[in-house]
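K.L.:
return atomic coordinates for the entry below.
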Amino acid sequence: MTGILLELDLSRGVVETPPASPLAAFRARHLPTVREVVAGLRKAATDEQVVGLVAHVGGPALSLAQVQDLRAAVAGFRASGKRAIAWTESFGEVGGGTVPYYLATAFDEVWVQPSGELGITGVSVQATFVRGALDKAGVIPQFGKRREYKTAVDTFTEKEMTGPAKEMASRLAESAYEQIVAGIAEGRSLTVAQVRELVDQAPLGAEAGRTAGLVDRLGYRSDVYDELEKRLGETTALLVERYHRRPPRTVHDVLDQLPWPPKPAVAVIRVSGGITVGRNSGGGPLGGPRTGSDTITAALRAVAADEKVKAVVLRIDSPGGSYVASDAIRHEVLRLRSTGKPVIASMSSVAASGGYFVAMPADVIVAQPGTITGSIGVLSGKGVVRDALGRIGITQQAVSEGENARMYSAQEEFSPAQWERLEETLDRIYADFVAKAADDRGLAVDALEALARGRVWTGADAHERGLVDELGGFEHALELACSRAGLDRDEIAVVTAPSRSFLDRLRPPTSTEDLAVTAQPLTLDGLASSVYTALGLPPSGALTMPLSWHLT
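P.N.:
Prediction:
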């Protein structure tokens, strides 16, 4: 029987969440999800027909947390005794190769094209400020925040990093760099000091990288595959995600997938993108997915009532958004826990502000060391565009009843009384966020307040401070869910909620719960909101992390 050589092509990128709309599916066509790759490698580790793994590293940037998920999956595959090889044309040509190289060091061998280089130049956290442009355009930014580390509003109110912002950014970069250097040192059998020295000498040519012990072999793609053929003999190449999706091949596989007898299930509920009131949305042409509180709360109620579901993994990849939507989801998580079913929060690349709000009531919070989380804070305000529009001949006039009917109008500034009301609102929401976080995490309010203040943490730092319980990826969270529910990981069904068949989607809804799990249709409002976000304007929702941070 010809052996299977698994291929992992990361030059295309990966996605965290399966596409939620036809437009999103078109944009992400043929891209694997992180979960597919991890599950495929886990399955392949015990499949005698699979003889090895070869990965093309590079292409679209992956987050540090995604890379850590993949590194753990590759380590599990290698633990079965099967070889794994990573190859690339170059780890960046003008820098930008640090995180891809960190991923490559999880493999047995690293190959680089002779003309390539190792652009492992380190880690940088960058923030963008548009205050100067707003001043020139005549836009008046009026924003409030709680507290000093809630830097999303700094994008519009400042021209450079404030002291707290610089402090936070420095620690984010330092923590990420520590994780990367330690992983490279372990993977290449070097000391941390040696790796730091080599990074400071980068970019390095391919031959210099080989001499320094960072690379095993120099060669082109054809050289890699020729070498694999010599070692493994004739094989059939198959992408990891296609291997994972293959129909059952043996009687045991067929029996394992039969719906009867029913298996105990662990439900996976995803919170992806901005958190809003209403239903899930695939996002507009310029925006990503959004999580609607109606959809998620309906899913949580459904799994609470489903006797087959014994535990839940809440998978979160969200910078937050609406305060009331996040609070509605938190309430249903607590209600689900009251039934005795364990809830494990699994953080992906980002679970911050509202994303942290929905995670904090879980039995256990799991994050990767490179996850971006925390941001326990609040912001609100507006940009007054009256003068900017007036410069191009656009004016607006309105009549209204009610002292504060125009409070959030972009045509006029806050009055002193309105600003006082805004400040009161920020204080109320922040106090509620801190109190609930303290209660959920079992900390004193003063202790939690010291960790809050809008500050963003890496998963590693959040774990040290009690904001996160355990470090690991989705598979670790799934194992914890099984353990808490007294289940065998290999004897369960993993189901997605909410889940509706094609026919269910064609039928008209019969109740508000039915309506809640249907996707929000794409509208011009969605397009306008997507453009709004793409321009870097403030997102809707008081619980949003600083979107302007960019870690490279």
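K.L.:
so, low pLDDT: which residues of the stretch 101-250 of the chain?
P.N.:
248-250 (pLDDT under 70).
K.L.:
which SS class is the closest residue to L103 other than its chain neighbours?
P.N.:
In space, and not counting its chain neighbours, L103 is closest to V67: 4.6 Å by C-beta to C-beta, 6 or more residues apart in numbering. All C-beta atoms are positioned from the backbone trio N, CA, C, and that covers glycine. Secondary structure, DSSP: H, G, I helix; E, B strand; the rest coil: V67 is helix.
K.L.:
quick one, what contacts V67?
P.N.:
By C-beta atoms under 8 Å, 6 or more residues apart in numbering, the contact list for V67 reads V99, Y102, L103, G370.
K.L.:
closest to E48 among those?
P.N.:
E48 has its nearest neighbour among these in L103, at 26.8 Å by C-beta to C-beta.
K.L.:
can you show me the CA trace of the host helix or strand of the closest one as PDB?
P.N.:
Assigned by DSSP states H and E, L103 belongs to helix 98-104. Extracted C-alpha coordinates of helix 98-104, given in PDB (Å, rounded to 0.1, in the frame of the first residue of the first chain):
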ATOM      1  CA  THR A  98      10.500  35.900  12.700                       C
ATOM      2  CA  VAL A  99       7.100  34.300  13.300                       C
ATOM      3  CA  PRO A 100       7.200  32.000  10.200                       C
ATOM      4  CA  TYR A 101      10.700  30.800  11.300                       C
ATOM      5  CA  TYR A 102       9.400  30.300  14.900                       C
ATOM      6  CA  LEU A 103       6.700  28.000  13.300                       C
ATOM      7  CA  ALA A 104       9.300  26.100  11.200                       C
END
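K.L.:
please identify the buried residues of it?
P.N.:
Neighbour-count burial for helix 98-104 flags T98, V99, P100, Y101, Y102, L103, A104 (criterion: 16 or more other C-beta atoms under 10 Å).
K.L.:
got a markdown table for those, with distance to A485 too?
P.N.:
Listed next are those as a markdown table, based on distance: C-beta to C-beta, whole Å:
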| residue | distance to A485 |
| --- | --- |
| T98 | 39 |
| V99 | 35 |
| P100 | 37 |
| Y101 | 39 |
| Y102 | 34 |
| L103 | 32 |
| A104 | 37 |
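K.L.:
if we can go back for a sec, what packs against the helix holding L103?
P.N.:
helix 64-78, strand 83-88, helix 163-188 (3 or more C-beta pairs under 8 Å, 6 or more residues apart in numbering; DSSP states H and E).
K.L.:
and the gap between the residue nearest to R337 when sequence neighbours are not counted and K382?
P.N.:
Leaving aside its chain neighbours, R337 sits nearest to V343 (5.5 Å; criterion: C-beta to C-beta, 6+ apart). From V343 over to K382 the distance is 36 Å, taken as C-beta to C-beta, to the nearest Å.
K.L.:
who has more neighbours out of the two?
P.N.:
Comparing V343 with K382 by other C-beta atoms under 10 Å, the one with more neighbours is V343, at 26 against 22.
K.L.:
and that one, backbone torsions?
P.N.:
Torsion angles at V343 (phi, psi; degrees, to the nearest 10) stand at phi -120, psi 120.
K.L.:
hmm, it is touching A362, no?
P.N.:
Yes: using C-beta atoms under 8 Å as the test, V343 is close enough to A362 to be in contact (4.7 Å).
K.L.:
overlap of the contact sets of the two?
P.N.:
L314, V333, R337.
K.L.:
which ones among those map onto helices?
P.N.:
Taking DSSP state H as the definition of helices, the shared contacts of V343 and A362 contribute V333, R337.
K.L.:
scan the shared contacts of V343 and A362 and report the most crowded one.
P.N.:
L314 (28 neighbours).
K.L.:
which non-adjacent residue is nearest that one?
P.N.:
Closest residue in space to L314, ignoring its immediate chain neighbours: A345 at 4.9 Å, by C-beta to C-beta, 6+ apart.
K.L.:
what about A410, distance to G393?
P.N.:
17 Å.
K.L.:
of those two, give the one with the bigger neighbour count.
P.N.:
More crowded of A410 and G393, by other C-beta under 10 Å: A410, with 16 against 6.
K.L.:
how about the more buried one: what's its closest non-neighbour residue?
P.N.:
V385 (4.9 Å).
K.L.:
test my guess that the one you found contacts Q142.
P.N.:
No: using C-beta under 8 Å, V385 is not in contact with Q142, being 11.3 Å away.
K.L.:
quick one, what contacts the most centrally placed residue in the chain?
P.N.:
Per C-alpha atoms, centre = their mean, the C-alpha nearest to the average position across the chain is that of S349, at 2.9 Å. Neighbouring residues of S349 by C-beta under 8 Å, 6+ apart: E16, S63, L64, A65, Q66, D317, T371, I372.
K.L.:
what is the neighbour count of the first one?
P.N.:
It stands for E16. Counted by other C-beta under 10 Å, the residues lying close to E16 total 22.
K.L.:
one more: the last one?
P.N.:
Burial of I372 is recorded as 30 neighbouring residues (other C-beta under 10 Å).
K.L.:
same check, this time on the fifth one
P.N.:
Other residues near Q66 number 26, with proximity taken as other C-beta under 10 Å.
K.L.:
now it, nearest residue through space, not along the chain?
P.N.:
In space, Q66 is closest to V34, 5.6 Å off (C-beta to C-beta, 6+ apart).
K.L.:
distance of the residue lying closest to G273 once chain neighbours are set aside relative to S415?
P.N.:
Take G273 and drop its neighbours on the chain: the residue closest to it by C-beta to C-beta, 6+ apart is P289, 4.1 Å away. To S415, P289 is 38 Å away according to C-beta to C-beta.
K.L.:
looking at these two, which one has more neighbours?
P.N.:
Using other C-beta under 10 Å as the criterion, P289 and S415 rank with P289 on top: 24 against 13.
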